[in-house]
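1. attaching a predicted model along with its sequence, questions to come.
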Amino acid sequence: MNALRIVPLIGTLLIATSVAYAQKPLTYTVSIDPTTQDLFEVRLEVPKLGKEQSIYQFAATAPGTYQVMDIGRFVRKFEAFDAGNKPLAVKQLSTNQWQLQQPEKTRAIRYTIAETWDTPVQEHRVYRMCGTSLEADHALLNGQGIFGYLQGWQGKPMRIKLNYPAGWKVGTPLTADAHGYYAAKSYDHAVDSPFLLGRLTEAKTKLGDAEVAVYCYSKTDQVKAEPLLGYMQTMLSAAQAFLVQLPVKRYTFLYHFDDQSNGAWEHSYSSEYVLRETPLTPESASQITSIAAHEFFHVVTPLNIHSEVIEQFNFVQPTGSEHLWLYEGTTEWASGMMKLRGGLTPLEEYLKELSGKVAYDHTQADTTYSLSKLGLLSFSDEGQRQYNNIYQRGAMTAALLDLRLLELSGGERGLREVMNELTKRYGPNKPFSEKTFFDDFTKLTYPEIGDFFARYVKQAEPLPLRKYYANVGIGYTPVLHTGRPVTALGATSVSFTVNGNAVLFDAVSSNLRDCGITSGDQLLAYGTTAITPSTLRQALTELKARKPNEEYELTIRHDGAEKKVRCRLVEQQEIKRYDFAVLPDATPAQLALRQAWLKNL
């Protein structure tokens, strides 16, 4: 996922065994009718079952979401039938499990399941890009939100038939046969393969010998697939250069543009996005492409580089992986580096992005919370509170690992090169060891890397940013007084926190308190611009572009009541925090290593 990245975002694929291929697939039929009040109807045809297949399991979570989903909460009617279509007794055992009382007689299972977008729940609301939706002109299906599996048959192949309104287009990484059935190698594969259906636009291109497809649903048709793909072409070319060769033959981007942004979810052969609909401009396309760059890189990890925790995913009991730093942190680093090296991002802009990541780590997260701990506890409420830092400190840790590898190899081998080596060593069907991966990575590289992992991944020692970036002639200064007068909201620092889609004042200066603003108040609007996490930065940029002493209006929620306040901008001396800048007096050795850092070796 991303920015809200959530972007989040580790899709995985459990490859069916040769035995599973020989088995007859289980046939699922999903009826998608917009008139059914947000309900999907699912029918599963089954062969003769034994007592060991008496439990039907819905997912408690899904790969890459790092949240408790408990999809059983959305089941509204669950029934079993014999060969003569006579109902058989069933019993709900828990939130996510139903028991067939006569499995040996069962030949069909039918249930209705509510969409997750519009169904209220008390806690653990499913991320929109990871959920299901059914509207008059489109639908979004994520496998774990629709399908369950019979106990012991998670690895069985599946045939999926979708019944949907005439005229709808289907976007999915799966391929339909001549009869309209989509084949999935296993339940994991079905979860790894979302569907976006409805009034879609479509565009395709070739990237080497791989086909890339883009499908868009846009509520008022402001975004269409063909021009969006055009904006994405440079990023895709940069990704191909960074990866050397794409490890997939087909990749599908699924875009849903409507009234809010919720992020993205990556899969092995696709990614899906729920973003706010705005006119497609070079600026908005750049933001969309930036998110896509992160998700696209997941074709490396976890598709080709993952542990057995991901390979043998536990849909019953959420289980964290210590190597979340690799799946998400390294992916976030790679998406930035491939844009830098591909010429999409100037060096100065890239360094500003680094500043933002360090600022988040120091102001929005617990700096004592290690990346290993974050991975292991990612499904817990505690871990969820720290989760977004995997895209910030996680990415900065990967960036330092790259710099350390370049230093130790004399500029001959960075993290990109090691990742490509790991791709060849492992791959989609061969997981690494969850317990020994740090040691295995160290043996593949240099002894000093073991110390790096111990200090900055397993523990949470302060990152050596100044030391490592100096090696490539980049200076890092935590607090830099420039002496330049600038416009500011307050004479002292003003900061914000984000709670869901709400922006709250955190640190408040005296002049803002004089306006009637206190810490914890929600910022609703600047003038006529509604404030959300995605609009805050632009609003602050516009404010700071105005002159000191100018008056401006904010709408806030204070003590539960909405009110408008008028404040004045002030002048203060510019202070840059967590500043990265090119050193003007870099040595020849620093310049040489910088040249290696700025290119694909």
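-> Nice, thanks for sending it over.

2. so what does the helix or strand hosting Gln572 touch, helix or strand wise?
-> Take DSSP states H and E as the rule and Gln572 turns out to sit in strand 570-582. Applying 3 or more C-beta pairs under 8 Å, 6 or more residues apart in numbering; DSSP states H and E, one finds that strand 570-582 contacts helix 347-363, strand 474-488. The way it works is simple: take the backbone N, C-alpha and C, and place the C-beta from them, glycine included.

3. mean neighbour count, those: which tops it?
-> Stretch with highest mean neighbour count among the helices and strands packed on strand 570-582: helix 347-363 (a mean of 16; mean count of other C-beta atoms under 10 Å).

4. alpha carbons of it, in CSV - could you do that?
-> Extracted as CSV, the C-alpha positions of helix 347-363 are listed here (Å, rounded to 0.1, in the frame of the first residue of the first chain):
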residue,chain,number,x,y,z
LEU,A,347,18.2,14.6,-7.6
GLU,A,348,17.1,17.7,-5.6
GLU,A,349,13.5,16.5,-5.6
TYR,A,350,14.6,13.0,-4.5
LEU,A,351,16.6,14.4,-1.6
LYS,A,352,13.4,16.3,-0.5
GLU,A,353,11.5,13.0,-0.5
LEU,A,354,14.2,11.6,1.8
SER,A,355,13.7,14.5,4.1
GLY,A,356,10.0,13.8,4.3
LYS,A,357,10.6,10.2,5.2
VAL,A,358,13.1,11.0,8.0
ALA,A,359,10.6,13.7,9.3
TYR,A,360,7.8,11.1,9.5
ASP,A,361,10.0,8.7,11.4
HIS,A,362,11.0,11.4,13.9
THR,A,363,7.7,13.1,14.3
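
5. isn't His138 right up against Arg199?
-> Yes: contact criterion C-beta atoms under 8 Å: His138 and Arg199 qualify, at 6.0 Å.

6. mind listing what's buried in stretch 274-283?
-> 274-275, 277, 280 (16 or more other C-beta atoms under 10 Å).

7. actually, stretch 314-332.
-> 315-316, 318-332.

8. outline the domain layout of this protein.
-> 18-123+139-197, 490-568 (automatic domain parsing).

9. including mean neighbour count, mean pLDDT and distance to Asp440, could those domains go into TSV?
-> As requested, those are exported to TSV (neighbours: other C-beta atoms under 10 Å; pLDDT from 0 to 100; distance: least, C-beta to C-beta, whole Å):
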stretch	mean neighbour count	mean pLDDT	distance to Asp440
domain 18-123+139-197	18	94	22
domain 490-568	15	87	37
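
10. could you dump those domains to TSV with distance to Ala589?
-> Compiled in TSV, the domains of the chain are given as follows (distance: least, C-beta to C-beta, whole Å):
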stretch	distance to Ala589
domain 18-123+139-197	41
domain 490-568	37
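
11. mind saving the C-alpha coords of the biggest helix by length in the chain as PDB?
-> For the chain, the longest helix by residue count, based on DSSP state H, is helix 225-243. Provided in PDB are the C-alpha atoms of helix 225-243 (Å, rounded to 0.1, in the frame of the first residue of the first chain):
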ATOM      1  CA  ALA A 225      -7.000   4.200 -19.500                       C
ATOM      2  CA  GLU A 226      -5.200   5.200 -22.700                       C
ATOM      3  CA  PRO A 227      -3.900   8.600 -21.700                       C
ATOM      4  CA  LEU A 228      -3.100   7.300 -18.200                       C
ATOM      5  CA  LEU A 229      -1.000   4.600 -19.700                       C
ATOM      6  CA  GLY A 230       0.700   7.200 -21.800                       C
ATOM      7  CA  TYR A 231       1.800   9.000 -18.700                       C
ATOM      8  CA  MET A 232       3.000   5.700 -17.100                       C
ATOM      9  CA  GLN A 233       5.200   4.700 -20.000                       C
ATOM     10  CA  THR A 234       8.300   6.400 -18.800                       C
ATOM     11  CA  MET A 235       8.000   4.900 -15.300                       C
ATOM     12  CA  LEU A 236       7.500   1.400 -16.800                       C
ATOM     13  CA  SER A 237      10.600   1.800 -19.000                       C
ATOM     14  CA  ALA A 238      12.600   2.900 -15.900                       C
ATOM     15  CA  ALA A 239      11.300  -0.100 -14.000                       C
ATOM     16  CA  GLN A 240      12.300  -2.400 -16.800                       C
ATOM     17  CA  ALA A 241      15.800  -0.900 -16.800                       C
ATOM     18  CA  PHE A 242      16.000  -1.200 -13.000                       C
ATOM     19  CA  LEU A 243      14.800  -4.900 -13.000                       C
END
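
12. hmm, who's touching it?
-> Identification of contacts with helix 225-243 by C-beta atoms under 8 Å, 6 or more residues apart in numbering yields 200-205, 207-208, 212, 214-216, 246, 253, 255, 280, 282, 285-286, 288-289, 292-293, 296-297, 299-300, 334, 337-339, 341-344, 416, 420, 600.

13. restricted to helices, list these.
-> Among these, the members falling in helices (DSSP H) are 282, 285-286, 288-289, 292-293, 296, 334, 337-339, 341, 416, 420.

14. what mean pLDDT does the strand holding Gln572 get?
-> Across strand 570-582, pLDDT averages out at 90.

15. for that strand, buried residues please.
-> Buried residues in strand 570-582, counting neighbours by 16+ other C-beta under 10 Å, are found at 570, 572, 578-581.

16. farthest-separated two in these?
-> The largest separation in the buried residues of strand 570-582, counting by C-beta to C-beta, is between Val570 and Phe580 at 26.9 Å.

17. mind listing the residues bridging to the closest residue to Arg76 other than its chain neighbours?
-> Leaving aside its sequence neighbours, Arg76 sits nearest to Thr112 (C-beta to C-beta, 6 or more residues apart in numbering; 4.7 Å). With DSSP bridges as the criterion, Thr112 is bridged to Glu41, Lys77.
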